[in-house]
Structures are given as C-alpha cells and as structure tokens.
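Student: Take this sequence and fold it.
(2 chains)
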Number of protein chains: 2
Amino acid sequence: MQQFYLSSLSKNDTEIHFDKNESKHMSRVLRKKVGDPITITNGVGHRFSATLSHVDHKACTAIINQCMEISPDPYQLHVFIAPTKSNDRMDWFVEKATEIGVHEITPIICQRSDRKVIKQERLQKIAVAAMKQSLGAYLPMIHPVCDFSTSLNKIKGTACIAHCQDTNKVAIDSLSFKEKSISIFIGPEGDFTPEEIQAAADANVTAITLGEKRLRTETAGIIACHSISLLYP
Amino acid sequence: MQQFYLSSLSKNDTEIHFDKNESKHMSRVLRKKVGDPITITNGVGHRFSATLSHVDHKACTAIINQCMEISPDPYQLHVFIAPTKSNDRMDWFVEKATEIGVHEITPIICQRSDRKVIKQERLQKIAVAAMKQSLGAYLPMIHPVCDFSTSLNKIKGTACIAHCQDTNKVAIDSLSFKEKSISIFIGPEGDFTPEEIQAAADANVTAITLGEKRLRTETAGIIACHSISLLYP
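Tutor: Residues are numbered from 1 along each chain as shown, chains lettered A, B, ... in the order given. Below is the predicted model:
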C-alpha cells in the first residue's frame, strides 16, 4: 500500500485535485489508471480512501469514498535537538523519529554546537516522506532553529534533558509521565555545557540518562522517542 | 574520552604493543605523546587504563595500569535481519544496534530479499567503530549471511518474528522474557512470505508486532534492540 499526502484535504471533501507534480508522478512514475484505489492523508489525523477518476500527467483527480479518523498518540512529544555535524545524521534522525513517533522537532543551537544552520524545509520534506512511508496520519512539525536559552521558554508539560555529566540524573524508564506534553532536550556532540545544564535545572527540566553507553546525538534522539512510546501509560 | 580496541589483549597483560596502522593513527592523527593516558577494550568485557610508554609512527607501546571487568547485559540478543536494498541503511542498523545493545547479528536471505550479498567484514568494522565510540566493552558478532530456513535452526531461547501480515500477533511489550537468550527476526522490504511465517510458527517462533506503523527494515531492527533493553527484567 502506498499513501499520498495532501495537506489541504479536509474531512468533508468529496473530490481531490492533484497538482502538476503529483499528477506527473502518479501517471508517469506510478502508472496509475482510472479506477485505481488510492490512499491519502492530510497529516492531521485523516486518512482518505479514494478512486482515481481522471489520470493525466498535468491534473489527476480522485473521488473520495471514505474518510477515517486516526487516533492520535496519547502523548505529544517535542524533541529539542542540537543539529549533528553531518547533515545525514540529522536527516536520519528526522526520518526515524517520524516513523517511531514524534510530534514537534526544534533544532537548538548550543554553546558547543558545531553546526548552526539548518534547512528546515529539507527536514520537513523528510518528515513528509517518512510519514507517507510508515502509513502515519500525523505530520510532525519541524520548527525553525532556536537558541538553547530561548528554547527553554517553549517547554510544555514534563521536560527532560539528556546529558553526560556526572550530576544527579534519573533513568528515563523510572520517570512517571503524568502530563500529556513531554519535552526532551538532546545536546550536541560535545554535550551541553555545565551552564546550560544549570539553566535547564533552573527551568525545572529534569536531568535524565538514557543508559550507560555514550550515545551519538541522533541515537539519543531516537531512543528518547521510542522510550516515550513504550513507557507512556 | 576516546577508547581503542585490541582484541588480543587479555586480563593479565601488563603491556600493549600497537600495530603499524594503530601506531600511525595514534602518533600522526591523534598526536599522542609519551605519558598520555589511554583506554582500550578487548571487546569481550575488559576495559584497560594504560599510559603510553613509547610513541612512534610504526610501533607505539603502553603500560597497563588497571583492568576493569565490565558487566555484560543481562540478556543475549541475536537479531536475524534481511539486508536492506541500500547498503547505507544496513550499515546504519549495525551502528545503532551496537550503540543500543545487540550481541549477534545474522543477515538473512528471504524469499523477497532484493539483496543477497553482504560484506560481513565491512559490517564488523562498523560494529568495532560503534563500540569504540559508545564506550562499549562488548563487540557484537556479525555472522555470515544465511538462508532464512537455515537460520531457523540457529535460534536459542525466546524467538520472535516481526511481520506485517494479518495474523495473530503479540505486542513486543506484552512478551515476558524468561530466557536469557532472545532471537528476533526482521524481514525484507516486501515482508516475509506466508510460507516463511508458517515455517517460523512451526519452529515455535512467536509472531510479534512492533506497533501500528509500517516500519522500514532497519527501523524495526533498532526498535527491537531498544525494546529488549527497556523491557528485559
């Protein structure tokens, strides 16, 4: 099964008009024909079953047969993560986090960040592709890059910071998640600085550990997403 | 902290002789000097603290000050996984599985496998790099590629197969792991065939689900490793 994405679709729509790009892809690459069934999501929880009614490399249309409401995750996870030195690893994090389950991602610039520029649009495209591929119906939101100190003002609900310093930390699997919103901070390759860790503590962010191994930034991000999906009540 | 790897080291050794390659790396790239402290693992549970006693681009030596025994994981996880079409994704799986925790990996050839050749040596090198990087002390073993049907004879302890067909399946987080050895089978991009799933059932392999999303092979592999590390009693 292949899933398409059209953000403009809403619950009560009865027909879909695909744009030029998508129409070309549908007719030329996928060789879809009139009468073929297709599945589309709008990325905000609706999945539509439709039948192609017109196929043309410039303008395909489909008739919607059914709209299903897909239950959202019981939690809302916002990952604040320092961009990795290599673009690949950041791309990879966004793909895997979308597959596993994440709702918002904010790239953060920390004192020890090597990379300070992020292509937000590129990451958002990766999230779209991963949502389609994994048959998800909710598109994670990729926010613009943000300073670490500013990002502390954006937390909601339970907030945690994963770092490698020798301070009092709680294992992620011993946390009890009582709030629906969860924010997790993941640092750069050289870790957060002691000042950043203190600033987080002052903002009531709980210091956590993800295990005994020294994890790469993107691995820590993935583990955080998957831990919440397993541990959330 | 940087960790080196030398498989030939054993518990009672007092001195280390590095080979030409490692010596060159140590002296030229890392610019290590006599008196510098270093950390080395042998990949079978020992971590050594040592001091460089001779630095030369052909033959570095170090005096071992201490040997620590690192506790092994309480479980032994063997992941049988179909190689992904793209080499990158398989490399990536081996890196992340090593960081998170895996003990043996066997690439399996399934009926719907696209790729049937695997560079075992290359994957083993990736595992070494990931073990060093994550400060692990146990090197996962990468086995030669194996047919799916043959691999069913190699399972030990609790065995599970993750597939996407509509059959009776158990959620991985509802399994109770009573045995130390765990084997998990992850299929190719087109999934296992019904015959393969039947053959697994005949071999007492429990069908499991890793969630509602359709996961890529490498994502399923990572999630399996991390689920066990969180769920194992």
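
Student: Now A:Lys33. Nearest residue, chain neighbours left out?
Tutor: Using C-beta to C-beta, 6 or more residues apart in numbering or on different chains and skipping the chain neighbours, the partner closest in space to A:Lys33 is A:Val55 (6.0 Å). Bear in mind the C-beta positions are built from the backbone N, C-alpha and C, glycine included.

Student: Let me see the contact set for that neighbour.
Tutor: Residues touching A:Val55, when contacts are defined by C-beta atoms under 8 Å, 6 or more residues apart in numbering or on different chains, comprise A:Ser23, A:Met26, A:Ser27, A:Lys32, A:Lys33, A:Val34.

Student: can you do 7 Å?
Tutor: A:Met26, A:Ser27, A:Lys32, A:Lys33, A:Val34 (C-beta atoms under 7 Å, 6 or more residues apart in numbering or on different chains).

Student: my read is the last one is in a helix, agree?
Tutor: No - assigned with DSSP: H, G, I helix; E, B strand; the rest coil, A:Val34 falls outside any helix and is coil.

Student: right, and it touches A:Leu52 too?
Tutor: Yes - with contact defined as C-beta atoms under 7 Å, A:Val34 and A:Leu52 form a contacting pair (5.5 Å).

Student: Pick out whichever of those two has more residues nearby.
Tutor: When A:Val34 and A:Leu52 are compared for neighbours, A:Leu52 comes out ahead with 20 against 13, by other C-beta atoms under 10 Å in any protein chain shown.

Student: Shouldn't A:Gln198 be within a strand?
Tutor: No - A:Gln198 sits outside any strand when classified using three-state DSSP, being helix.

Student: For it, the count of nearby residues, please.
Tutor: By the measure other C-beta under 10 Å, the count of residues near A:Gln198 is 12.

Student: ok, now how distant is it from chain B?
Tutor: Counting by C-beta to the nearest C-beta, to the nearest Å, the gap between A:Gln198 and chain B amounts to 23 Å.

Student: Let me know the pLDDT of that residue.
Tutor: Confidence per residue is given as pLDDT, and for A:Gln198 that number is 97.

Student: who's in contact with it?
Tutor: Taking C-beta under 7 Å, 6+ apart, one finds nothing in contact with A:Gln198.

Student: Domain boundaries for chain A, per the record?
Tutor: Per the record's domain assignment (automatic domain parsing), chain A is made up of the domains A:3-69, A:76-231.

Student: out of those domains, nearest to B:Ala200?
Tutor: Taking C-beta to C-beta as the criterion, domain A:76-231 is the member of these that comes nearest to B:Ala200, at 23.6 Å.

Student: What separates the first and last residues of that closest one, distance-wise?
Tutor: According to C-alpha to C-alpha, to the nearest Å, domain A:76-231 extends 13 Å from its N-terminal end residue to its C-terminal end residue.

Student: now do stretch A:116-125
Tutor: In terms of C-alpha to C-alpha, the two terminal residues of stretch A:116-125 are separated by 20 Å.

Student: And the contacts of it?
Tutor: Defining contact as C-beta under 7 Å, 6+ apart, one finds that stretch A:116-125 is touched by A:Pro83, A:Val94, A:Pro107, A:Ile109, A:Ile142, A:Pro144, A:Val145.

Student: Check the residues you listed against B:Pro72 and report the nearest one.
Tutor: Proximity of the contacts of stretch A:116-125 to B:Pro72 was ranked by C-beta to C-beta; the top entry is A:Val94 with 33.6 Å.

Student: is it fair to say the closest one lies in a helix?
Tutor: Yes - the secondary structure assignment for A:Val94 places it in a helix, going by three-state DSSP.

Student: can I assume it is in contact with A:Thr106?
Tutor: No - with contact defined as C-beta under 7 Å, A:Val94 does not count as touching A:Thr106 (11.8 Å).

Student: which one of these two has more residues nearby?
Tutor: When neighbours are counted by other C-beta under 10 Å, A:Val94 and A:Thr106 differ, and A:Val94 comes out ahead with 26 against 20.

Student: Let me know the distance separating that one from chain B.
Tutor: In this structure, A:Val94 and chain B are separated by 13 Å, where distance is defined by C-beta to the nearest C-beta.

Student: How far away from the center of its chain is stretch A:129-146?
Tutor: Put simply, stretch A:129-146 sits 4 Å off its chain's centre (C-alpha atoms, centre = their mean, to the nearest Å).

Student: residues of it that come out buried?
Tutor: Neighbour counts over stretch A:129-146 (16 or more other C-beta atoms under 10 Å in any protein chain shown) mark A:130-140, A:142-143, A:145-146 as buried.
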